[in-house]
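[1] Quick check, what structure comes out for this input:
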Amino acid sequence: MNMRPSGKATPISTKSTPSASSTSRPQASGAKSALPTAVNAKTYRKAKFILKKIAQNQEEGILNVRDTDDRKKYEAIVAAFDSSKAAKSRVEAGKTNKRNRSRDDTSNAPKRSKDASGVSQPVAQGPLKYSDIVKDHLSVALIDESSNCGKPVLEKWPEIEVRLSGLAMESTLANPEGPIPRFDSEEVIRGHRVIRCEDEFSKEFLRRSITEISDAWLGLKLKLIPAKDIPTRPRARIWLPNMRMDRAKLLQYIAIMNPRVPMTNWSVLKFEDVKAVSQPVLFLITEESAKVLEELGCRIHFGVRHAKVKIFRGREPDDDNEGEEPPPE
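    Numbers count the residues shown, from 1 in each chain. Next comes the predicted model:
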């Protein structure tokens, strides 16, 4: 190809003349080259460049017998690239519209209850992360005020739930047209029963109900605190043999095997995913027992192994490689 044309018109000839097809593009073999199934950006830029030079040569009268075939070939490449780009843009636009529709679609949203004045009330959502629960002002924790501990509440929870459900039923049946208290009490955070209230009315109803039954159990005094004020207690991950274990029997066995470790207020938080030959178990422990475990080198006797213990203070252990295998000796 003439990169610097002479500017003089040259009659059409079958001889080879400097043109867009001489050095800047591949030599044609007579048969039309097959187009690539996918045109990349480099091929596209080359095709655009050659087409531009062919157009310049035509304007200056510098023509070549290959220009016609080459023009068709490279115009097809450009068209294929533009078509592919347009199709990709349409697909991306479709995905964006689908995401927007999914976000805006409320057809499957749960119906909201209404208070006596007809105002819609919020509906309790699905399970929340711990960080979300502690930020939710409608989430409260039930504790034993005398011990500032959640374990006695968990032990008595079936009875407590029956009393609270009875009060909620009595209130609703007495005033079916008025506000209705609704709750979700499935969450247990750091050994404390957490109750998520649907609205402010439900939260106030729960507060009054707990005050009414706070002294109903000997040695137990119920109290509500904001979920964000749940006492921070140490947790411990212990790598045990991969075997079926009942929680109560597990705690009892560990206590018998390790008499130096105070385990009065221990509870099992979670059986984590099995890793290799170990079953990581997450426990809620006390600062007193954490210190003893550290004195023992963070190991306890269990079965025929000296089980590795990892203690967590002030943060959630799930953020620290949940269930990782203990480091090798």
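
[2] what are the ranges of the strands in the protein?
    Residue ranges of the strands in the chain, as given by DSSP state E, are 139-144, 183-184, 188-189, 192-197, 222-226, 235-241, 267-271, 278-284, 299-302, 305-312.

[3] mean pLDDT lowest for which of these?
    Of all the strands of the chain, the minimum mean pLDDT falls on strand 188-189 (a mean of 82).

[4] Residue 279 reaches residue 242, doesn't it?
    Yes - at 4.7 Å, residue 279 counts as touching residue 242 under the criterion of Cβ atoms under 8 Å. In short, each C-beta sits where N, CA and C put it, glycine included.

[5] more neighbours, the two?
    With neighbours defined as other Cβ atoms under 10 Å, residue 279 and residue 242 compare such that residue 279 has more, 18 against 13.

[6] Pull the contacting residues for that one.
    239, 240, 241, 242, 243, 245, 271, 272 (Cβ atoms under 8 Å, 6 or more residues apart in numbering).

[7] Now the fifth one. Nearest residue, chain neighbours left out?
    If you skip the residues right next to it in sequence, residue 243 has residue 279 as its closest partner in space, 7.0 Å away by Cβ to Cβ, 6 or more residues apart in numbering.

[8] Could you measure from the closest residue to residue 75 other than its chain neighbours over to residue 86?
    With sequence-adjacent residues excluded and distances taken as Cβ to Cβ, 6+ apart, residue 75 is closest to residue 51, at 6.6 Å. Distance, residue 51 to residue 86, by Cβ to Cβ, to the nearest Å: 19 Å.

[9] neighbour-wise, which of those two wins?
    Higher neighbour count among residue 51 and residue 86: residue 51, with 18 against 10, using other Cβ under 10 Å.

[10] and that one, what does it touch?
    71, 74, 75, 78.

[11] Kindly recompute the last result at 10 Å.
    Residue 51 sits next to 20, 70, 71, 73, 74, 75, 77, 78 when contact means Cβ atoms under 10 Å, 6 or more residues apart in numbering.

[12] And the pLDDT at the fourth one?
    pLDDT, residue 73: 88.

[13] Report the separation between it and residue 43.
    11 Å.

[14] Repeat that for the third one.
    The gap separating residue 71 from residue 43 is 16 Å, by Cβ to Cβ.
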